[in-house]
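S.K.: generate coordinates for the sequence data below:
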Amino acid sequence: MLEVKGPDRPATISPDLVVQGGRTGDPASTVEVPGDKSVSHRALLAALLPGAPRRLTIRNANLGGAVRALFPALRALGLDTLVEGDVLTVRRAAPVPQQVRPHDGIPHWPDGIPYLETGGSSAAARLLIGVLAGAGRGAVVDGDDVLRHRPMDWIVTPLGELGADIRYLGRPGRLPVIVGGRVHRSRRVELAVGSAQARSAVLLGAVAAGVPAELRHPVRSRDHTERMLAAFGARLTEGPGVVGYDGGACSVPPVIDVPGDPSLAAYPVAAHLLWGGGGELRIPGVCLNPTRTGFFDVLRRAGAAIDYQDLRTTSGGEPVGTVVTRAGLDGVRAVTADDPATLHALIDEVPLLAVVAARLPGTSRIGCAAELRFKETDRLVTTARMAAAFGARVSVEPDGLTVHGTRAGGTAVLSAGTVPGFEDHRIAMAAATLATALPGRTTITGGACHTTSFPGFTAVLRAVGAAIHEVTL
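M.R.: Residues are numbered from 1 along each chain as shown. Predicted coordinates:
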């Protein structure tokens, strides 16, 4: 089934997901989720930093499509990737060139430098550009037709202020770019957005070059890069709205451990809450970095029974623990997430929070989320359209969403049906999670795009009691 086409809403190419509402069988009381996607990206790119070991082992790596999008680019740079279970090994090898993706506006591509294409992964492309600019490795960085429409000036402009020579080969502000001269100027730079990808790309560029830099940013978003680099020995200073690097060396260890992804843990937690019944669900080994736990924290403040146990800190500086939740939304109030720090701590879970809010009383508000218009889709619009297919009332605001709860007086009851996934993994997984709690059969068109970030999504939901399967094309 095809959906609305365009650079922000591509045609469906993934199989559909089918969900039969209600809980089945004997649900597990404990489930595990894959490694964190953001940490996995950064761990992979650590192999390109000066002084990285010839063989780098990443344990509990997230092996979804967004992380695998880096593999061909790394091979083109002379780094082979070996996957054994959830262990990823990166080692030196002969370069394997990538095939160039045609571009109507570029009849002739630059010769003599690698062409690196990262599919639809913006994190892979942006962080790769930063590392290449710092290390002084010339290359063309490109993406698929969707990624070519997403903004890159967030990182190209500040890296240019640090001396990097990065030029657009097609449309200004968009991929593809050619990375030439390296970062070499010590400067204070102002980042235009609070995106962690922007801050991380520039910080990785400074560290790869060994050039002191001060980055001023408008909001504190996920800080995995800072924690990872500090664990490597980089000397960083941090304060409100600023992070500084003194130019000193760091050393990449031979083994990096990746904690479980809190954004992925949010889906079984949400399904458990939506079902009700009071049973307990435990998800161990989850990253509890406070810049990532916004989904859980917002629901906890609203009255949901979510707790953190077995707390510890990894060698990479990430707080880790067990997320424990008791099923049910009785007594849970409408939610509010309209300050920048809270929004960034749940930015990937906005579609999921919206569909949970649709089952709460009153009116919920999600704000400061204009950045979501530049994800795989315009995620404000696609969230509202996905929720509307269930019968929910979700209004799109300039910078967020207003959700009118279905338990508020006189509003319609949500119902199963055919729901668009928009070839956006976060939209599709949010839709499937809500569908588990609704009587009847729901089909999420293109829903199997969840493999971008969560290859085991259907298996985890089945483990906690969902009847969900993929329709093979």
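
S.K.: isn't Val19 up against Ala466?
M.R.: Yes. Contact criterion Cβ atoms under 8 Å: Val19 and Ala466 qualify, at 6.7 Å. Backbone N, C-alpha and C define where each C-beta goes, glycine included.

S.K.: between the two, what contacts are shared?
M.R.: In terms of Cβ atoms under 8 Å, 6 or more residues apart in numbering, Val19 and Ala466 are both contacted by the residues Thr436.

S.K.: quick one: Glu238 from Ala459, how far?
M.R.: Remark: distance between Glu238 and Ala459 (Cβ to Cβ, to the nearest Å) = 39 Å.

S.K.: using the three-state scheme, assign Ile283.
M.R.: Secondary structure, DSSP: H, G, I helix; E, B strand; the rest coil: Ile283 is strand.

S.K.: quick one: low-confidence parts of this structure?
M.R.: Within the chain, the segments meeting pLDDT under 70 span 1-12, 407-412, 473.

S.K.: so where do the helices sit in it?
M.R.: 37-45, 65-68, 70-76, 122-135, 153-161, 196-209, 224-231, 262-275, 294-301, 340-344, 350-357, 379-389, 425-435, 457-463 (DSSP state H).

S.K.: of all those helices, which one comes closest to Arg54?
M.R.: When the helices of the chain are compared by Cβ to Cβ, helix 70-76 sits nearest Arg54, at 13.8 Å.

S.K.: and the closest one, what does it pack onto?
M.R.: For helix 70-76, the packing partners by 3 or more Cβ pairs under 8 Å, 6 or more residues apart in numbering; DSSP states H and E come out as helix 37-45, strand 79-84, strand 115-117, helix 122-135.

S.K.: in it, which residues are buried?
M.R.: By neighbour count with 16 or more other Cβ atoms under 10 Å, helix 70-76 contains the buried residues Leu70, Phe71, Pro72, Ala73, Leu74, Arg75, Ala76.

S.K.: same check, this time on stretch 304-311
M.R.: Burial within stretch 304-311, assessed by neighbour count using 16+ other Cβ under 10 Å, is assigned to Ala304, Ala305, Ile306, Tyr308.

S.K.: same question, stretch 186-193
M.R.: For stretch 186-193, the neighbour count (16+ other Cβ under 10 Å) marks Ser186, Val189, Leu191, Val193 as buried.

S.K.: same check on stretch 414-430?
M.R.: For stretch 414-430, by 16+ other Cβ under 10 Å, it's 414, 416, 419-430.

S.K.: ends of stretch 318-333, what's the gap?
M.R.: Taking Cα to Cα, to the nearest Å, stretch 318-333 runs 31 Å from one end to the other.

S.K.: same question, stretch 436-448
M.R.: Taking Cα to Cα as the measure, stretch 436-448 stretches 16 Å from start to finish.

S.K.: ok, back up a step: return the most buried member of the helices of the chain.
M.R.: Across those, averaging neighbours per residue (mean count of other Cβ atoms under 10 Å) puts helix 425-435 on top, at a mean of 29.

S.K.: check which helices and strands it sits against.
M.R.: Against helix 425-435 (3+ Cβ pairs under 8 Å, 6+ apart) you get strand 17-20, helix 262-275, helix 350-357, helix 379-389, strand 418-420, strand 441-445, helix 457-463.

S.K.: go again using 6 Å as the cut-off
M.R.: Here helix 425-435 touches strand 17-20, helix 262-275, helix 350-357, helix 379-389, strand 441-445, going by 3 or more Cβ pairs under 6 Å, 6 or more residues apart in numbering; DSSP states H and E.

S.K.: of those, which is nearest Thr314?
M.R.: Once those are compared by Cβ to Cβ, helix 262-275 is nearest, at 13.7 Å.

S.K.: so what does that closest one touch, helix or strand wise?
M.R.: Using 3+ Cβ pairs under 6 Å, 6+ apart: helix 262-275 touches strand 280-287, strand 319-326, helix 350-357, helix 425-435.

S.K.: any chance of these in TSV, plus distance to Asp257?
M.R.: Formatted as TSV, those follow (distance: least, Cβ to Cβ, whole Å):
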stretch	distance to Asp257
strand 280-287	10
strand 319-326	9
helix 350-357	26
helix 425-435	24
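
S.K.: quick one on the thing from earlier: mind putting the buried residues of stretch 186-193 in TSV, distance to Leu264 included?
M.R.: Converted to TSV, those look like this (distance: Cβ to Cβ, whole Å):
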residue	distance to Leu264
Ser186	39
Val189	33
Leu191	27
Val193	24
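
S.K.: and of the buried residues of helix 70-76, the nearest to Arg222?
M.R.: Using Cβ to Cβ, the buried residues of helix 70-76 come closest to Arg222 at Leu70, 18.1 Å.

S.K.: test my guess that the closest one contacts Ala43.
M.R.: No. Look at Leu70 against Ala43 with Cβ atoms under 6 Å: they stay out of range, at 10.5 Å.

S.K.: need the contact list for Pro34.
M.R.: The neighbours of Pro34, taking Cβ atoms under 6 Å, 6 or more residues apart in numbering as the test, are Asn62, Asp261.

S.K.: if you set the cut-off to 7 Å instead, what comes out?
M.R.: Residues counted as contacts of Pro34 (Cβ atoms under 7 Å, 6 or more residues apart in numbering) are Asn62, Asp261, Leu264, Phe454, Gly456.

S.K.: now Val67
M.R.: Counting by Cβ under 7 Å, 6+ apart, Val67 touches Lys37, Ser40, His41, Leu44, Ala61.

S.K.: just flag the most distant two among these.
M.R.: Longest distance between any two of these is 10.8 Å, between Lys37 and Leu44; criterion Cβ to Cβ.

S.K.: so what's the residue count around Pro398?
M.R.: 9 (other Cβ atoms under 10 Å).

S.K.: quick check: phi and psi on it?
M.R.: For Pro398, the backbone dihedrals (degrees, to the nearest 10) come out as phi -60, psi -30.

S.K.: from Gly138, how far out is the closest residue to it other than its chain neighbours?
M.R.: Among residues not flanking Pro398 along the chain, Ala370 sits closest, at 6.9 Å (Cβ to Cβ, 6 or more residues apart in numbering). For Ala370, the distance to Gly138 (Cβ to Cβ) stands at 34 Å.
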